[in-house]
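Trainee: need a 3D model of the sequence below.
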Amino acid sequence: MTLFTTKTVAKLTIVIATVIVTSQSLAAEKTYRWRLAETWGPNFPVFGDTTKNLAAMVKKMSNGRLTIQVDSANKHKSALGIFDFVKSGQYQMGHSASYYWKGKNFNTMFFSTVPFGMTASEQNAWFYHGGGIELMEEVYKPYGLMSFPGGNTGVQMGGWFRKEIKSVDDLKGLKMRIPGFAGEVLAKLGAKPTNIPAGELYTALERNTIDALEWVGPSLDLRMGFHKIAPYYYTGWHEPATELQFMVNEKAYQTLPADLQEILTTAMRVSAYDMYAQSTHESAINLARIQTDFPNVEIRSFPAEVMQALRSANTQLLMESAAKDPMTAKILTSIADYTKNARAWTNFSDKAYLSIPSE
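Mentor: Sure thing, here's the model as predicted:
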């Protein structure tokens, strides 16, 4: 006995096809509501602008199918808790700096910057064409996390100091807010590094909890008021190309359709580039303000003796770190090899051009 006539089968085929098309259409129109936790406070310039730009681009490019709510540190109450927020899935995304997580995984530091390391242009080339992103994926994947470049500050200033640094002895016992591998370097020379969230920096300096601090550079430092307390402003060595990060929960990312994944990754890359341009712009403007409006600020470079001691300590610590952990060795070898080739070109291009005598 025939259960279905030819006409019945034809009708069922049409119904099934309609259901498939409808479900595909509904899937395409499904909306996703994400939340992003950032280390920075509300309306924080440059860094906070980056997350706002990201959210706006994603919403526009996805026609509203993916929206991202940005929660600043005043809302989630843990400026340095972004790693755990995103890992647990409490937030689908975060915006912070990779070197804040050295207590969780030592190797995260090297994806922000390395003292005496690559410039911003060299580091971006390493990330996208020299294997940097792939190495970052190796480090973050065991935690169920994805990490992407999140905006570069360029060369950061060496910090604000209450007292002039004349010799290596002046670093001994110095209480300084400085994160990442640079803190390890200063500790080797006798300093006492610590990491403090942005919102607590001025108070810590004012109350003598710390003797010195580094934050970013003119782009962000001037508004923080550090110059009112610590008049010595030193040029940089420790963060030649500080890359922030967008952190993404991998499970949440995999729930997105392919086109939304592409929209998100593209928006992260564009907003990261925009941050570098904005940071350069703001630093130029604010350096001029410092020199014009605050003549009490003394912009200095560390003495040659101090710079040599910092460089030697950095080299020794990097070698010791590489000897302890194969992954550390793998990352540092990649950075060293890429820097060697990229720096040759930098010297032939940027350095040679900047060395042309002015009229």
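Trainee: phi and psi next, for His95.
Mentor: phi -130, psi 120 (degrees, to the nearest 10).
Trainee: so the nearest residue to Met109 once chain neighbours are set aside, which state does it fall into?
Mentor: Excluding its sequence neighbours, the residue lying closest to Met109 (CB to CB, 6 or more residues apart in numbering) is Tyr99, at 4.2 Å. Any C-beta I mention is one placed from the backbone N, CA and C, and that applies to glycine too. Of the three states, Tyr99 takes helix under DSSP: H, G, I helix; E, B strand; the rest coil.
Trainee: pull the longest helix from this protein.
Mentor: helix 258-293 (DSSP state H).
Trainee: give the partner strands of the next helix or strand after that one in its sheet and their orientations.
Mentor: Downstream of helix 258-293, the next assigned helix or strand under DSSP states H and E is strand 298-300. Its sheet considered, strand 298-300 pairs with strand 232-234 (parallel) by DSSP bridges.
Trainee: so what's the residue count around the residue nearest to Met109?
Mentor: 23 (other CB atoms under 10 Å).
Trainee: about what we covered before: check which residues of the longest helix of the chain are buried.
Mentor: Buried residues in helix 258-293, counted by 16 or more other CB atoms under 10 Å: 260, 263-264, 267-269, 271-272, 274-276, 278-280, 282-283, 286-287, 290.
Trainee: right, and the residue nearest to Met109 touches Thr108 too?
Mentor: Yes: using CB atoms under 8 Å, Tyr99 is in contact with Thr108, at 6.5 Å.
Trainee: so what's the residue most central in space within the chain up against?
Mentor: For the chain, the residue nearest the mean C-alpha position is Leu244 (0.8 Å; CA atoms, centre = their mean). By CB atoms under 8 Å, 6 or more residues apart in numbering, Leu244 lies in contact with 47, 50, 95-97, 112, 149-153, 272, 275.
Trainee: next SSE after the host helix or strand of Met327?
Mentor: Element membership of Met327, judged by DSSP H and E, is helix 326-346. Later in the chain than helix 326-346, the nearest helix or strand by DSSP H and E is helix 352-354.
Trainee: wasn't Ala241 part of a strand?
Mentor: No: looking at Ala241 with three-state DSSP, it is coil, so not inside a strand.
Trainee: these two touch, right, it and Pro149?
Mentor: No: using CB under 8 Å, Ala241 is not in contact with Pro149; the gap is 10.6 Å.
Trainee: OK, contacts around Glu164?
Mentor: Contacts of Glu164 by CB under 8 Å, 6+ apart are 170, 232, 298, 300.
Trainee: and it, how close does it get to Gln308?
Mentor: Here Glu164 is placed at a distance of 18 Å from Gln308 (CB to CB, to the nearest Å).
Trainee: go on, Phe127?
Mentor: Phe127 is 30 Å from Gln308, by CB to CB.
Trainee: who has more neighbours out of the two?
Mentor: Set Phe127 next to Gln308 and count neighbours by other CB under 10 Å: Phe127 wins out with 23 against 12.
Trainee: in contact with the closest residue to Ala284 other than its chain neighbours, which residues?
Mentor: Residue nearest to Ala284 in three dimensions, not counting chain neighbours: Pro218, with 7.8 Å by CB to CB, 6+ apart. By CB under 8 Å, 6+ apart, the contact list for Pro218 reads 157, 282-287, 289-290.
Trainee: do that again at 10 Å, thanks
Mentor: Shown in contact with Pro218 (CB atoms under 10 Å, 6 or more residues apart in numbering): 157, 233, 279, 282-291, 299.
Trainee: quick one: it from Gly154, how far?
Mentor: 11 Å.
Trainee: got any residues that touch both of the two?
Mentor: Contacts common to Pro218 and Gly154, judged by CB under 10 Å, 6+ apart, are 279, 283.
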